[in-house]
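Visitor: predicted model and sequence below, questions to follow.
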Amino acid sequence: MEHSAMRQRMTGITKWRTALLALTSLCWIACDASPAHAQGYMQGSRGSSGFGTQGRAPMPSPGGGPRGMGLGSGLGLGLGYGLMLGAIGTRSRAPYVEAPYRAIERDGGVNSRPLRPRPRKTVIREEKPRKPVIGVTASGISYIRYAPNTFPVCTGGNGAMSGDCNGRPFVADLGGNGPPAQSQNSGPRRNASQAAVTRNYLPGEIVAETAAMPDAQLTALARRHRLQRVFSQNFLLTGSTVSLFRIVGRRPVEDVQRELRADAAVRSAQPNFRYILQDQKTAVATEGDPAQYVLAKLRLPEAHGLAHGNGVIVAVIDSAIDADHPELAGSIAASFDALDSKGEPHVHGTGIAGAIVAHARLMGSAPSAKILAIRAFGVTEGTAESASFTILKSLDYAAAHGAQIINMSFAGPKDALVSRGIAAAAAKSIVMVAASGNAGPKSPPLHPAADAQVIAVSATDADDRLFAASNRGSHVAVAAPGVDIFLPAPNGKYQMTSGTSFSAAYISGLAALVLERRPTLTPAEVRGILTTSARDLGVPGRDDLFGAGEADACRAVQAVPENAVPTADKTAPVTAVSDPVPAASSAVPVTTSEAAPSSEPQPAPVSTNPSGTDSSAK
């Protein structure tokens, strides 16, 4: 009996020891003590002094220990192991870990957080304009190729027509690659100078059209609406008086426009819209230079066997033209400065005139035509700009001085005042040609190209592909080469340039060839000859990219009826018929600084010449 009792007692102790060992294992697992950590601590590398001489804790064996060990001692041993191993488990997140052949050191302490990468600063870098590149053609003529200089445009549907884009620019290509892509770092914030160049009208100015009235009534009208009259002029072209006013105070142009329209004495009122030349990228070419691929594309040498544009007057409304350039010698019939200010010869206007009448080392499309050089664009902040009032003055001068063709290589928004001038010029049988614009495929139609009476021209390259920046639309009538065109530049130099501006100039020259053959043709008949003789490009038939196709000068001249009579040689313009009405002496002439903050790009001041005579006429 005693032996049986002893055996049962020993069996119970063995069970308790087994349970305690199981509890110890659970403590290891709960305290996240991995075997690698446990082994390290058991070997004494980071062990506590409470371990044995080798850093190893004495583990109880099932057969060891005093015979009298009971439940209390077993439980105490288990709890002791549990607490001690729990502490070891907590300390197991040591900064050092043993691994074969190497030791990995962690950064920071036990509770240190991982270092976050420092955020990158977003930096908006403005692209610096490229320096002109000097090149030489195969025939040895040196030229300058200018870097593109373009702006983004308003692309929101027909915003150009509705006025929704008044805060956005309507800029033709001043270069060859179309509008630049928006920077990925750009956001809605813009500084003052950036915001200034995106307005498509002159701030602080408004244009009002009235019936012909005395100076005193115009002054009273200005006083009623808190305006300062800058300049007034009677336009026989439109049969009305148009006045340019300066808004007193910081009232929005839109509010003043609504106020003027409510006045019974005012026929119309509108902002003084901005216009910008359509091409200004900038390179030259027996007849002409061999690099003038445009000659073969338009078949100009063949056409010149029949006509040279002799006696036809082409008005070029543009920037200042270098009349002393060898390519233009003897071709400038008269000059008029609609800005009434001194302007240096400009690369754009000189190139446009060269595309029409160049006749030295290069060849224009109508080398015997005469140019009315009308300066309507002043250069401000590197951009050539004009406005509604100045454009109307230019149209009036062209109509009064016998222009048979008006070339308009600029673009802007829909403008009722300029549209009236264009309609009146068309009624006088003046052919009007305009660049379709270089704002790209997403741009709405730009004006004056989109006006019904105007021949809108898109641009092509040497491979008959559409110029990437060329505007599209149902208003496009015909296409002509406009990429990498060799033209004259100021100071006897030459340039290589691209854009619809120069395509339009070549078409103006073609119109001069047609009119030399038959001067009684109407603008609609000239348009019909140019479009029906064009070489189809793109999809068969008319399309929104090339219009009727690429112009063919030879076919166009041959299409003129055979009973044509050459025009008389018109070397002198007729007398002006406009009657400018000077502003009251108390009015302060507008200057750039008065019309808007200094950061706003402005054209040169509008003419206040009371006589309306051409001080720069040659």
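Guide: Yep, that arrived.
Visitor: remind me, longest strand of the protein?
Guide: Identified as the longest strand of the chain according to DSSP state E is strand 266-277.
Visitor: pull up the pairing partners for that one, direction included.
Guide: Within its sheet, and counting by DSSP bridges, strand 266-277 is paired with strand 201-210 (antiparallel), strand 383-387 (antiparallel), strand 410-411 (antiparallel).
Visitor: which helices and strands sit right next to the helix or strand following the first one?
Guide: Proceeding C-terminally, strand 201-210 gives way to helix 215-224 as the next helix or strand, assigned by DSSP states H and E. Here helix 215-224 touches strand 201-210, strand 227-235, strand 240-247, going by 3 or more C-beta pairs under 8 Å, 6 or more residues apart in numbering; DSSP states H and E. To be clear about C-beta, it is placed using only N, CA and C from the backbone, and glycine gets the same treatment.
Visitor: can you give me the helices in the stretch 451-600 of the chain?
Guide: 500-517, 523-532, 553-558, 592-595 (DSSP state H, counting those that start in this stretch).
Visitor: deepest in the core, which of these is it.
Guide: helix 500-517 (a mean of 30; mean count of other C-beta atoms under 10 Å).
Visitor: next, the angle from it to helix 523-532.
Guide: 110 degrees (axes from the mean of the first three to the mean of the last three C-alpha atoms, to 10 degrees).
Visitor: ok so, going back, can you tell me which of the helices of the stretch 451-600 of the chain comes nearest to Gln453?
Guide: helix 523-532 (6.8 Å; C-beta to C-beta).
Visitor: flag the shaky bits of the protein, pLDDT-wise.
Guide: 1-5, 27-133, 138, 146-199, 279-286, 382, 562-618 (pLDDT under 70).
Visitor: show the contacting residues for Glu287.
Guide: By C-beta atoms under 8 Å, 6 or more residues apart in numbering, Glu287 lies in contact with 295, 300-301, 304, 363.
Visitor: and the two most separated of the residues you listed?
Guide: Across these (C-beta to C-beta), the longest gap, 9.4 Å, separates Leu295 and His304.
Visitor: looking at those two, which is more packed in?
Guide: Neighbours were tallied for Leu295 and for His304 using other C-beta atoms under 10 Å; the higher tally belongs to Leu295 (25 against 21).
Visitor: the more buried one touches Pro301, doesn't it?
Guide: Yes: with contact defined as C-beta atoms under 8 Å, Leu295 counts as touching Pro301 (6.1 Å).
Visitor: if we can go back for a sec, quick one, which of the strands paired with strand 266-277 is nearest to Gly473?
Guide: That would be strand 410-411 among the strands paired with strand 266-277, by C-beta to C-beta, at 12.2 Å.
Visitor: mind listing residues that contact that closest one?
Guide: Taking C-beta under 8 Å, 6+ apart as the rule, strand 410-411 contacts 170-172, 275-278, 317-318, 377, 386, 434-435, 437-439, 446-449, 501.
Visitor: Ile352: what's it in contact with?
Guide: Contacts for Ile352 (C-beta under 8 Å, 6+ apart) come out as 316, 318, 321, 407, 409, 501-502, 505.
Visitor: need phi/psi at it.
Guide: The phi/psi pair for Ile352 (degrees, to the nearest 10) reads phi -60, psi -50.
Visitor: for Ile321, see how far away the spatially closest residue to it that is not a sequence neighbour is.
Guide: Distances taken as C-beta to C-beta, 6 or more residues apart in numbering place Ala505 nearest to Ile352, at 4.7 Å, with adjacent residues excluded. With distances taken as C-beta to C-beta, to the nearest Å, Ala505 is found 12 Å from Ile321.
Visitor: between these two, which contacts overlap?
Guide: Counting by C-beta under 8 Å, 6+ apart, the residues touching both Ala505 and Ile321 are 352-353.
Visitor: what distance do you get for Phe336 to Val557?
Guide: 30 Å.
Visitor: one more: Lys442?
Guide: As defined by C-beta to C-beta, Lys442 lies at a distance of 37 Å from Val557.
Visitor: and if you look at Tyr494?
Guide: 27 Å.
Visitor: residues in contact with Gly309?
Guide: Gly309 neighbours (C-beta under 8 Å, 6+ apart): 356-357, 365-369, 509, 512-513, 515-516.
Visitor: these two touch, right, Leu362 and Gly354?
Guide: Yes: checked against C-beta under 8 Å, the pair Leu362 and Gly354 is within contact range at 6.5 Å.
Visitor: list residues touching both of the two?
Guide: Shared contacts of Leu362 and Gly354, counting by C-beta under 8 Å, 6+ apart, come down to 327, 487-488.
Visitor: which members of the residues you listed occur in strands, if any?
Guide: Per DSSP E, the shared contacts of Leu362 and Gly354 map to strands at 487-488.
Visitor: may I see the buried residues of stretch 472-488?
Guide: For stretch 472-488, a neighbour-count test (16 or more other C-beta atoms under 10 Å) marks 472-473, 475-488 as buried.
Visitor: next, count neighbours for Ala369.
Guide: Ala369 has 29 neighbouring residues, counting by other C-beta under 10 Å.
Visitor: gap between it and Asp318?
Guide: 15 Å.
Visitor: try Lys442
Guide: 26 Å.
Visitor: ok, the two, which is more surrounded?
Guide: Legend: neighbour count by other C-beta under 10 Å for Lys442 and Asp318, higher for Asp318 (29 against 13).
Visitor: now do the contacts for the residue nearest to that one when sequence neighbours are not counted.
Guide: Nearest residue to Asp318, sequence neighbours excluded (C-beta to C-beta, 6+ apart): Gly349, at 3.8 Å. Each residue near Gly349 by C-beta under 8 Å, 6+ apart is listed here: 277, 316, 318-321, 373, 375, 377.
Visitor: looks to me like Gly349 is in a helix.
Guide: Yes: counting by DSSP: H, G, I helix; E, B strand; the rest coil, Gly349 is located in a helix.
Visitor: and it, how far from Ile422?
Guide: Taking C-beta to C-beta, one finds Gly349 at 20 Å from Ile422.
Visitor: got it, and His304?
Guide: 30 Å.
Visitor: give me the phi and psi angles of Gly311.
Guide: phi 80, psi 0.
Visitor: pretty sure it contacts Glu516?
Guide: Yes: with contact defined as C-beta under 8 Å, Gly311 and Glu516 form a contacting pair (6.5 Å).
Visitor: quick revisit: who has more neighbours out of Leu362 and Gly354?
Guide: The neighbour comparison of Leu362 against Gly354 (other C-beta under 10 Å) goes to Gly354, with 31 against 26.
Visitor: who touches that one in this structure?
Guide: Counted by C-beta under 8 Å, 6+ apart, Gly354 has contacts 325, 327-328, 362, 364, 487-488.
Visitor: what about 10 Å?
Guide: By C-beta atoms under 10 Å, 6 or more residues apart in numbering, the contact set of Gly354 is 284, 321-322, 325, 327-328, 331, 360, 362-364, 371, 485-489, 494-495, 502, 505.
Visitor: next, count neighbours for Gly492.
Guide: 11.
Visitor: done for today, thanks.
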